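**Student:** okay, structure incoming, though there's no sequence with it:
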C-alpha cells in the first residue's frame, strides 16, 4: 500500500479506536504510526491494542510503527473542603504541604521539589494555565502567591511551573513500570514526557536498552532552552504544542515549532508536530479552515509526521480525521510552492562519506529520469540521511530487520520494505529493482538510484551509489 504523500500520520488509539475493524480502517485511511497513550488505560488494555496493531500489520503486509507515550510526572494540587473555590485577581493564595483540605486562601501542593526550585517572582499556572499566580515569597514547604489571573480552582487540578528548572526526573515509578512493559511488548518508539535536560533522555535510553528508539517531547521552556543538547541524545522529537502553549505565551509557539523542525531536519532525526491539529473533529465530521491551515503549515515546514490525539482516540470521527490529514498532505505536497519551500529550507550537510553519498543521490534524482532512491540500511541511518535531503522522488528503505523497518515508518518519505540479507552489491541492486517494480513506484523501463554500505550488515558504512536500470537488473536475476 504505497502512500501518495511523504509526511507521515500518527494516530492515537483510545476508546473510539480499540478494535481490529477500526484500527485497520485507520491504517487504510492513512495512519502510518499508532500512538499508545500510557496516561489512559491499563497495561492490559495497552497490550490488547498492541496485539491488534501487529495483527493488522501482518494482514496488510506492511510495517507499522507503534509509539508508546509515557505519562511523565503529573503535578497536581490537593483537594478543597468545598471541592472548588473562586480565586479573584489580586487575592493572596498559599500553596503548602499541609494535608488539611484547602479553602479560598490555601491548598496543599504535594510536591516538595517545586518549593525547592521556586523563588520570588516565579509563576505558577493552574488548570492548563487558566489561573496564573506569582510567587511573593517561599520556603522549603510553602509558597505565598498573588493571583494574577483568577478563576475556579478545584480538586487535583494540574499545576505548571514554567520558568524554573524542576529537580524532578522525567520518569516516575509508573513510567518505569510502563517503559519495561511496552519494551517487552515490542513497541518501536518511546515518547518521553517532561524532558528538561539531556540526562532525562539518557536515563530512558539506559532503561530501554536498545529495545525502542527514544523520542523526546518538547513541552517545557527548559527543554526549548536546552534543545540542542536534547536533540543530540534523542532519536526523534515531538513538538508538544499543548503544554508549550500553557507554559509559554501562545505567540511563541509557532516560531519555536519552525525552529525545532529545521533543527531536526538538519540532524536527520524524525520530528512530529502534535496537539490540537484537528481538534474540532473530535465532535465535527469536518475541520475548521484554520485547522487545515495549521496542518498544511507543518507540512510546508518539512515535518516528518503530524499527529492526531483525541481526534482519533476519543472523537466521534476518527476515520474522517485521518482521511482529512491524508487529503491535506496530498494536496500540499502536489503544490509547486511546497517543493520550492522544502528546497529553500534544506541545510546541506557534507561532513562524511555517507553525507556525500545521499546528497549525490538526491542531486542525481533531481537532474535525471530517476524514479526512486533505494537504500539498504541495517540500523536505519542511511534511510534517515536520505530522508533528511527531502528528495523529490520516493525513498525505498530496504532492510532485513523488522525492527528497523518499523522505526522508519515515522521518517519522512520512506517506503519501508523487508528484504533478505545480501552480501554482494549486485544482489542489493537486484533487490532494489524488484522492490521498486513490485511496489508500483517504478516500471521495468525506469531507472533507480541504489545506495548501500560495503561491507554489508555493518551499520553506518554507507559508501556506494549506483544508477541502475530496473530491466537490466531483473534480467540479471533471471539468468541461470
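**Tutor:** Arrived safely, thanks for sending. Note that the coordinates shown come from a computational prediction; the quantities given were computed from them, not determined experimentally. Residues are numbered from 1 along each chain as shown.
**Student:** center of the chain - which residue?
**Tutor:** Nearest to the geometric centre of the chain sits residue 272, at 3.6 Å (C-alpha atoms, centre = their mean).
**Student:** check what contacts the strand or helix carrying that residue and list those residues.
**Tutor:** According to DSSP states H and E, residue 272 maps onto strand 271-274. By C-beta atoms under 8 Å, 6 or more residues apart in numbering, the residues outside strand 271-274 that reach it are 10, 215, 236-242, 257, 260-261, 264-265, 298, 303-307, 309, 410. C-beta: built from backbone N, CA, C; applies to glycine.
**Student:** which residues touch residue 366?
**Tutor:** Residue 366 neighbours (C-beta under 8 Å, 6+ apart): 391-393.
**Student:** and it, what pLDDT?
**Tutor:** Model confidence at residue 366, expressed as pLDDT, equals 88.
**Student:** which SS class is it?
**Tutor:** Here residue 366 is helix, with the state taken from DSSP: H, G, I helix; E, B strand; the rest coil.
**Student:** the strand holding residue 272: partners in the sheet, and parallel or antiparallel?
**Tutor:** strand 236-240 (parallel), strand 305-308 (parallel) (DSSP bridges).
**Student:** how about those in a markdown table, adding distance to residue 68?
**Tutor:** What follows is these, written out as a markdown table (distance: least, C-beta to C-beta, whole Å):
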| stretch | distance to residue 68 |
| --- | --- |
| strand 236-240 | 13 |
| strand 305-308 | 14 |
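**Student:** among these, which is nearest residue 290?
**Tutor:** strand 305-308 (15.1 Å; C-beta to C-beta).
**Student:** and the helix or strand following the closest one, which residues are buried?
**Tutor:** Counting by DSSP H and E, the next helix or strand C-terminal to strand 305-308 is helix 310-313. Under the neighbour-count criterion of 16 or more other C-beta atoms under 10 Å, helix 310-313 has 310-313 buried.
**Student:** got it, and stretch 79-91?
**Tutor:** 79-80, 85, 87.
**Student:** which residues are contacting it?
**Tutor:** Contacts for stretch 79-91 (C-beta under 8 Å, 6+ apart): 93, 101-104, 107-108, 131, 133, 146-156.
**Student:** ok, 10 Å please
**Tutor:** 93, 99-108, 126, 131-133, 145-157 (C-beta atoms under 10 Å, 6 or more residues apart in numbering).
**Student:** of the residues you listed, select the buried ones using a PyMOL command.
**Tutor:** Buried subset of the contacts of stretch 79-91, written as a PyMOL selection, criterion 16+ other C-beta under 10 Å:
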select buried, resi 93+102+106+107+108+126+131+132+133+145+147+150+151+153+154+157
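**Student:** out of the contacts of stretch 79-91, which are inside strands?
**Tutor:** Among the contacts of stretch 79-91, DSSP state E puts 93, 106-108, 126, 131-133, 145-149, 151-154 in strands.
**Student:** quick check: the residue nearest to the centre of the chain vs residue 153, distance?
**Tutor:** The gap separating residue 272 from residue 153 is 32 Å, by C-beta to C-beta, to the nearest Å.
**Student:** same deal with residue 123?
**Tutor:** Distance from residue 123 to residue 153, by C-beta to C-beta: 15 Å.
**Student:** for stretch 46-57, which outside residues touch it?
**Tutor:** 13-14, 17-28, 31, 33-34, 36-38, 40-42, 62-66, 68, 178, 181-182, 184-187, 402, 406, 409.
**Student:** recalculate using a threshold of 7 Å.
**Tutor:** 13, 18, 20, 23-24, 27, 34, 36, 38, 63-64, 66, 182, 185, 187 (C-beta atoms under 7 Å, 6 or more residues apart in numbering).
**Student:** start to end distance for stretch 135-152?
**Tutor:** End-to-end distance of stretch 135-152 (C-alpha to C-alpha, to the nearest Å): 19 Å.
**Student:** doesn't residue 266 make contact with residue 302?
**Tutor:** No: under the criterion of C-beta atoms under 7 Å, residue 302 makes no contact with residue 266, lying 10.5 Å away.
**Student:** higher neighbour count, the two?
**Tutor:** residue 302 (22 against 15; other C-beta atoms under 10 Å).
**Student:** element containing that one, please.
**Tutor:** Here residue 302 is assigned to no helix or strand, by DSSP H and E.
**Student:** any idea how this protein splits into domains?
**Tutor:** When the chain is parsed with automatic domain parsing, its domains come out as 8-72+169-335, 84-160, 353-478.
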